[in-house]
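Chemist: compute the structure for the input listed below.
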Amino acid sequence: MQDQLLDQIPSLDLADFRSGDPERKARFVQQLGEAYQSIGFVALKNHGLNDAQTKQLYADVQSFFQLPDAAKQRYEHPELAGQRGYISKGKEHAKGRNTGDLKEFYHVGQEVEEEDPIKNEYPANIWPKEVPGFQKSTFMAYRTLESAGQDVLRAIALFLELPENYFDDKVKHGNSILRPIHYFPIEDPDAVPADAVRAAEHGDINLITLLMGASADGLQVKRRDGKWIAITALPDQIVVNVGDMLQRLTNGVLKSTIHRVVNPAREKMNTSRFSIPFFMHPRSEMSLAALEHCVTPDNPKKEADITAGEFLNERLIELGLKKK
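Modeler: Residues are numbered from 1 along each chain as shown. Model prediction:
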């Protein structure tokens, strides 16, 4: 399977993993692992968010992004390196690029309700007063996607022949981020830099990403042969992909695949696109040193040992969100 070149990403059902049926669960684990060894992406249904919750979430997110720029910028705190609140248009760029992406976004982060010293690492969430439902709908999505992500990581652990709960303590109160994104309309395409795109090609930093909004056009993933293929999910599916931390932990056995969001046709540049990724991060102290059984004579160790916190810090500087 890892040698196959796929023209579309596999579709899986999280209900199979959660069913209590050993056969369905084992099949899900195998299919997920094979997909993550080849294309690095799957489409996933029965993730826990229902239609009504999803509609309310998008309504609240759209209400916020429709506010005037001056109102949105009241929720922008550069000293937090983009970890909470609003990040304005063109601030973030892909690693290795200087041109900002054609997007604005908002970050909702972890809330630690019990006694855990990691609480001191996380800034408080910032909630926009103009959209009263924003806090409830975004944080409900945060917890639902966090729960789905925990089960995906349990399946990954089983595929890697680790204990099913291997990741549980590493992602408990992890530094995960929900990021509602607005790819804003461009009224005059000639007024933006020629190389500016909605999201330039990149790999995600984190362990796994759970993405709402992949049913809209524009998301593409780069196959190993260099061909870009369009990612389309059904409205009831999210897209779940491997991030760089998981690739590093598995010494490249699981693939963090380069992806991008391309600009629409010129006549559609004046339309909005919304998506909501959940970036699942572990606790900062988690070691990303390659798992011993992922290092073999045929697959020698590729990267130096590093913690998740150190790795995140490096990447935030590369993305332009944090100063050295």
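Chemist: output the longest strand belonging to the chain.
Modeler: strand 273-280 (DSSP state E).
Chemist: how about the next helix or strand after that strand: buried residues?
Modeler: Counting by DSSP states H and E, the element after strand 273-280 in chain order, helix or strand, is helix 308-318. Within helix 308-318, the residues scored as buried using 16 or more other C-beta atoms under 10 Å are 308-309, 311-313, 315-316. To be clear about C-beta, it is placed using only N, CA and C from the backbone, and glycine gets the same treatment.
Chemist: could you pull out the helices for the protein?
Modeler: Along the chain, the segments classed as helices by DSSP state H run 14-18, 22-38, 51-65, 69-73, 134-159, 168-171, 244-249, 308-318.
Chemist: in TSV, list these along with mean pLDDT and distance to residue 225.
Modeler: Rendered in TSV, the data for the helices of the chain read as follows (pLDDT from 0 to 100; distance: least, C-beta to C-beta, whole Å):
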stretch	mean pLDDT	distance to residue 225
helix 14-18	98	30
helix 22-38	96	12
helix 51-65	95	35
helix 69-73	96	41
helix 134-159	98	24
helix 168-171	97	33
helix 244-249	96	19
helix 308-318	87	27
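Chemist: give me the contacts around the longest strand of the chain.
Modeler: Contacts with strand 273-280, where a contact means C-beta atoms under 8 Å, 6 or more residues apart in numbering, come from 57-58, 61-62, 65, 141-142, 145-146, 149, 153, 171, 174, 176-183, 198, 204-214, 216-219, 243, 261, 264.
Chemist: for stretch 139-154, buried residues please.
Modeler: For stretch 139-154, by 16+ other C-beta under 10 Å, it's 139, 141-142, 144-146, 148-154.
Chemist: again, but for stretch 257-274
Modeler: Within stretch 257-274, the residues scored as buried using 16+ other C-beta under 10 Å are 257-261, 263-264, 269, 273-274.
Chemist: can you redo those as JSON lines with distance to residue 225?
Modeler: Listed next are these as JSON lines, based on distance: C-beta to C-beta, whole Å:
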{"residue": "257", "distance to residue 225": "12"}
{"residue": "258", "distance to residue 225": "13"}
{"residue": "259", "distance to residue 225": "15"}
{"residue": "260", "distance to residue 225": "16"}
{"residue": "261", "distance to residue 225": "21"}
{"residue": "263", "distance to residue 225": "24"}
{"residue": "264", "distance to residue 225": "26"}
{"residue": "269", "distance to residue 225": "30"}
{"residue": "273", "distance to residue 225": "27"}
{"residue": "274", "distance to residue 225": "31"}
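Chemist: for residue 126, find the nearest of the helices of the chain.
Modeler: Among those, helix 134-159 comes nearest to residue 126, with 9.8 Å by C-beta to C-beta.
Chemist: what angle separates the closest one from helix 22-38?
Modeler: Between helix 134-159 and helix 22-38, the angle comes out at 90 degrees (axes from the mean of the first three to the mean of the last three C-alpha atoms, to 10 degrees).
Chemist: can you give me the angle helix 134-159 makes with strand 273-280?
Modeler: For helix 134-159 against strand 273-280, the angle by the same axes, to 10 degrees is 50 degrees.
Chemist: show me the contacts for the residue positioned nearest the centre of the chain.
Modeler: Geometric centre of the chain, nearest residue: residue 209, 3.1 Å, by C-alpha atoms, centre = their mean. Residues in contact with residue 209 (C-beta under 8 Å, 6+ apart) are 239-241, 243, 277-280.
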